[in-house]
Each structure stands twice: as structure tokens, then as C-alpha cells.
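# A structural model of the following input is requested.
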Amino acid sequence: MHLPTCIALAALLCAAPASVASAHEQLLKCVQHATRLHAGKVERLELKLERQITVYELEVRRDDGSRWDIECDASNGVVIETEESVTATDPRFRPRIRLTKARAIALAAVPGTVLRVEFELEPDGNPGYEFHIEGRDGKLHKIEVDGTTGNVLETAVRLLQIGRD
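Numbers count the residues shown, from 1 in each chain. This next block holds a predicted model:
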């Protein structure tokens, strides 16, 4: 599915109180802000509920191969977070908390089955783990665990995803 179709579909799905045109406008703002921050190809669009806020998350792959997750508040299109996705062997990814402990912390927050883990660098360079968990409630949850402290930084429920996983 190409990006204009993704935008139209996501706008329709999140347009409960706002008009479809307004939701579409906010998503376009998010895409514009994200690609200004990290010029490249938008490979994934996700709509999620995080701390009772509806959030768009875009994954952008830059020409240099780096991948960036950019989150925007769906109500206004403003960027609220940017993280770089890395591999576990990236020399910049130096967590104090081991993957097995981070996994246990994530599963304590949301019991279920871990489907995938991502390794991320926060804007300040700190390492983080993002666990994709199929919860016992049947929903897909994303739990972010700080790789330095072991604190749960974010919990979100995915509402929609378009593009690669």
C-alpha cells in the first residue's frame, strides 16, 4: 500500500471527534515533520494509544540505511518523540540491563507472548528495548524498557499498522 492510501485509511480510522479532513491534515503534518527531521522513505505507519493519547508512529529509513521511529500527537501532528532503531551489536547500544531481565520487566507490565524486540537509542543516546507483546487480551502491546535503569518508559496498544513489521 502506498503512502497516500495509508494516510487516507489512517485518517478515517482516527477521525472520531475530529473531521476526516482534520485527521488527514494532522497525519500529513506528522509526515512532513518526520521527513524534515530524517529525510528518507516512510516504511511503516502505525496508529497507537499511548498514555490515553492517540499517536502516529512513522518509521523512516534514511538513505544511509539508518531507521528512525518518529511519534506525533495525532490531534495536532506535532512530533513528540524520535528514536533511532539499531541492532543489538551496534557499538552505541550499551545497556546495563540485560535483554533477559528487560524481557521479564516487560512481561510483568503486560503478560503475554513476546513477538519481537527492537533495540533503540533515545534522543539522549541511552539504550532502550521495545517489546512487541501479544497480550492475554489479544491486543498488540508495545512496552519500552530503559536499558540503563530497567524502568518501563512507555506502554502502548497498537490500533493499526500499515507497512513492514
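
# so which strand or helix has residue 47?
strand 40-50 (DSSP states H and E).

# any idea of the mean pLDDT in the helix or strand that that strand is followed by?
Counting by DSSP H and E, the element after strand 40-50 in chain order, helix or strand, is strand 53-62. Across strand 53-62, the average pLDDT comes to 94.

# burial of the closest residue to residue 68 other than its chain neighbours, as a residue count?
Nearest residue to residue 68, sequence neighbours excluded (CB to CB, 6 or more residues apart in numbering): residue 38, at 4.4 Å. Bear in mind the C-beta positions are built from the backbone N, C-alpha and C, glycine included. Per other CB atoms under 10 Å, the neighbour tally for residue 38 reads 20.

# tell me the contacts of residue 38?
60, 62, 66, 68, 70, 82 (CB atoms under 8 Å, 6 or more residues apart in numbering).

# re the thing from before, mind giving me the packing neighbours of the strand holding residue 47?
helix 3-13, helix 20-37, strand 53-62, strand 67-73, strand 152-163 (3 or more CB pairs under 8 Å, 6 or more residues apart in numbering; DSSP states H and E).

# which one of those has the lowest average pLDDT?
Among those, helix 3-13 scores lowest, with a mean of 47.
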